[in-house]
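Visitor: Have a look; sequence and predicted model below, questions after that.
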Amino acid sequence: VSLPLLAGPFRFVKATDCATPRARDLLEATAERAGYKAASLGDVARVASRPASGFRALRGVTIPFGCFEACVREQGKQAELDNALQDVDAAVDAGDAHALRLACDAARRVAINTLPPPDLAATVCASFVGEDIMGPDTYAESPNAGTLRSTTEVPLLAVRASHDVEDPACAGGDRAASFVDAFFAKHAMFDSDLGKTPSDEDSGGFSQTLGGLSFGVTAARSRDVAEAVSAAWASAFTPEAVIRRRVAGVAGGHKSARVAVVVQPLAAGSVSFEVRTSRATGSDGHPTHTFVTLGPGFGGWSRDARAGEPFEVRVDTRDGAATTIAYASLETKRRVKGNVVVTEPVSYAHEALGGVGAEAKERRESLARRLAAVGAVLEAEFGTPQLVEGCLVEDEVFVTRTRPRQP
């Protein structure tokens with residue numbers, strides 16, 4: 001007998017499977033066919049196309065719901081996956097953390113070994129030929145350093161999973177995690193390994209986080225893309241994803257889990273940012289402040305305070321006044337060197353937003369005001385406070401994701 005469900009801050013969409021595995025333009029994505037994440041990225045691209053938006057967005061393709069299931073059937077792996085998912089359901093019902101981890105590992109192995117068809121991977125790669133979005137310090141050894149380049153070289157791609165169940169609130173990422181923790185506590189499922197993401201070896205590619213958003217980075221070569229897609233499919237069967245579905249009260253067990261994939265070129269800028277539009281309002285009912293977080297490199301920064309903190313700037317939405325409320329102390333940053341993502345020490349004397357003088361402070365605060373305006377555009381578009389994630393490529397603002405903040 002299944003144990004009682006907990007109410008959680010998750011939203012669930014009734015998935016519509018595609019008939020055959022194929023790639024679709026990101027602008028065609030709907031929540032029903034590719035999940036909320038893919039649909040929101042398509043929405044961001046549409047807003048960015050307006051002349052006064054103040055930002056750019058990345059184009060992309062999706063591999064919709066149903067493609068993984070079709071590949072499993074065609075490759076004769078249905079029985080193996082069904083057995084693993086039966087074990088997943090049994091482990092959750094029994095509150096057995098060790099059994100859950102083993103069952104999830106078995107399900108992920110099936111997914112990782114289920115590659116999309118070669119023609120599908122080739123179609124995805126062909127979508128990005130000649131596209132390379134890199135920042136000023138990305139190709140420091142190149143004579144074209146510091147330019148937005150259109151090239152015939154193989155670009156790097158970001159490959160993300162888009163699930164049928166997600167936590168819609170960003171500040172609410174912690175809130176959602178607390179519900180997962182509550183499930184563990186309710187059913188005595190304490191295990192230090194639960195909730196960890198697969199290792200790079202398991203996922204078949206470089207794993208990275210942008211403002212809490214996990215994705216894989218791969219070169220636009222068919223085999224590499226196919227393996228990255230399989231790794232994204234496998235994310236549906238992590239212990240965290242399993243508990244998320246149970247907490248959300250999704251019927252049909254884990255056999256009903258659906259995961260789509262979003263592929264976009266990697267925008268590797270010199271500065272990454274988060275914009276948190278305000279939930280606080282003044283006496284006139286209007287928001288009072290927007291908070292902008294700035295860090296060196298791309299790919300966000302660690303949420304572990306021991307690794308240091310990014311810059312934090314508060315922008316008054318009424319008069320545009322910007323105030324630096326925290327100075328950066330991050331020790332490392334990520335950048336692309338050739339076709340490799342590297343982690344390097346941060347030297348603030350040489351960073352675009354580094355320095356402690358008045359000029360450097362004004363440069364950071366001017367950028368924060370500009371990003372706050374982007375946040376205001378997206379908040380007005382979606383009708384609710386947003387957490388906006390992205391990076392600065394030269395002087396171009398790229399928004400890589402936005403989603404609502406939890407009240």
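Guide: On my side now, so go ahead. Keep in mind the model is a prediction, meaning the values are calculated, not measured.
Visitor: and Ala57, what is it in contact with?
Guide: Ala57 makes contacts with Leu41, Val44, Ala45, Val47, Ala48, Ser49, Phe398, Val399, Thr400, as judged by CB atoms under 8 Å, 6 or more residues apart in numbering. The way it works is simple: take the backbone N, C-alpha and C, and place the C-beta from them, glycine included.
Visitor: What residue, apart from its backbone neighbours, is nearest it spatially?
Guide: In this structure, Ala57 finds its nearest non-sequential neighbour in Ala48, 3.7 Å apart by CB to CB, 6 or more residues apart in numbering.
Visitor: ditto for Ser162
Guide: Gly35 (3.4 Å).
Visitor: C-terminal to whichever strand or helix holds the one you found, what's the next element?
Guide: Here Gly35 is covered by helix 31-48, with elements defined by DSSP states H and E. For helix 31-48, the following helix or strand on the C-terminal side (DSSP H and E) is strand 56-57.
Visitor: could you point out which element follows that next one?
Guide: Downstream of strand 56-57 (by DSSP H and E), the next one is strand 61-63.
Visitor: Excluding its own residues, what touches that next one? List them.
Guide: Counting by CB under 8 Å, 6+ apart, 21-26, 28-29, 33-34, 38, 116, 120, 123-124, 127, 162, 229, 260-263 sit against strand 61-63.
Visitor: Buried subset of these, written for PyMOL?
Guide: PyMOL command restricting the contacts of strand 61-63 to the buried ones, with burial defined by 16 or more other CB atoms under 10 Å:
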select buried, resi 21+22+23+24+26+29+33+34+38+116+120+123+124+127+162+229+260+261+262+263
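Visitor: follow-up on the earlier one: the residue nearest to Ala57 contacts Val399, doesn't it?
Guide: Yes: using CB atoms under 8 Å, Ala48 is in contact with Val399, at 6.7 Å.
Visitor: Residue ranges in the stretch 251-400 of the chain under the pLDDT threshold?
Guide: Under the criterion pLDDT under 70, the flagged ranges of the stretch 251-400 of the chain are 251-253, 279-287, 299-307, 338-339, 355.
Visitor: can you give me the strands for it?
Guide: Counting by DSSP state E, counting those that start in this stretch, the segments of the stretch 251-400 of the chain that form strands are 259-265, 267-268, 271-277, 289-296, 311-316, 322-326, 332-337, 340-345, 386-393, 396-404.
Visitor: distance of Ala91 from Val340?
Guide: To Val340, Ala91 is 38 Å away according to CB to CB, to the nearest Å.
Visitor: between the two, who's got more neighbours?
Guide: The residue with more neighbours, out of Ala91 and Val340, is Ala91; 21 against 11, by other CB atoms under 10 Å.
Visitor: In three-state terms, how would the more buried one be classified?
Guide: Under the three-state scheme (DSSP: H, G, I helix; E, B strand; the rest coil), Ala91 adopts helix.
Visitor: wait, it sits on Ala103?
Guide: Yes: at 5.2 Å, Ala91 and Ala103 qualify as touching, with contact defined as CB under 8 Å.
Visitor: what's Ala260 in contact with, if anything?
Guide: 29, 33-35, 38, 62-65, 67, 161-163.
Visitor: Leaving out the residues flanking it, which one is nearest to it?
Guide: Ala34 (4.0 Å).
Visitor: pLDDT value on that neighbour, please?
Guide: Per-residue pLDDT puts Ala34 at 93.
Visitor: Would you quantify the distance from it to Arg108?
Guide: 21 Å.
Visitor: And for Ser230?
Guide: 10 Å.
Visitor: thought the residue nearest to Ser162 was touching Asp164?
Guide: Yes: taking contacts as CB under 8 Å, Gly35 lies within contact range of Asp164: 5.9 Å.
Visitor: With neighbour numbers in mind, choose between the two.
Guide: For Gly35 and Asp164, the more surrounded residue by other CB under 10 Å is Gly35, and the numbers stand at 29 against 24.
Visitor: Can you report phi and psi for the nearest residue to Val61 once chain neighbours are set aside?
Guide: Nearest residue to Val61 in three dimensions, chain neighbours excluded: Ala23, at 4.5 Å (CB to CB, 6+ apart). Phi and psi for Ala23, reported as degrees, to the nearest 10, are phi -90, psi 140.
Visitor: And stretch 371-378, what's buried?
Guide: For stretch 371-378, using 16+ other CB under 10 Å, the buried residues are Leu371, Ala372, Ala373, Val374, Gly375, Ala376, Val377, Leu378.
Visitor: name the helices or strands packed onto the longest helix anywhere in the chain?
Guide: Ranked by residue count and defined by DSSP state H, the top helix of the chain is helix 358-382. Helix 358-382 is packed against helix 31-48, strand 271-277, strand 289-296, strand 311-316, strand 322-326, strand 386-393, strand 396-404, with contacts defined by 3 or more CB pairs under 8 Å, 6 or more residues apart in numbering; DSSP states H and E.
Visitor: Off-centre distance for that helix?
Guide: Put simply, helix 358-382 sits 22 Å off its chain's centre (CA atoms, centre = their mean, to the nearest Å).
Visitor: Could you do stretch 340-349 as well?
Guide: With CA atoms, centre = their mean, you get 21 Å for stretch 340-349.
Visitor: Now that stretch - C-alpha only, PDB.
Guide: Extracted C-alpha coordinates of stretch 340-349, given in PDB (Å, rounded to 0.1, in the frame of the first residue of the first chain):
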ATOM      1  CA  VAL A 340      36.900  22.700 -23.500                       C
ATOM      2  CA  VAL A 341      35.200  24.100 -20.400                       C
ATOM      3  CA  VAL A 342      37.900  25.000 -17.800                       C
ATOM      4  CA  THR A 343      37.900  26.200 -14.300                       C
ATOM      5  CA  GLU A 344      40.400  28.900 -13.400                       C
ATOM      6  CA  PRO A 345      41.300  31.100 -10.500                       C
ATOM      7  CA  VAL A 346      39.700  34.500 -10.400                       C
ATOM      8  CA  SER A 347      41.900  37.600 -10.500                       C
ATOM      9  CA  TYR A 348      39.600  40.500  -9.900                       C
ATOM     10  CA  ALA A 349      42.100  43.000 -11.100                       C
END
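Visitor: List the buried residues in that stretch.
Guide: Val341, Val346.
Visitor: Can you verify Leu27 is assigned to a helix?
Guide: Yes: under three-state DSSP, Leu27 sits within a helix.
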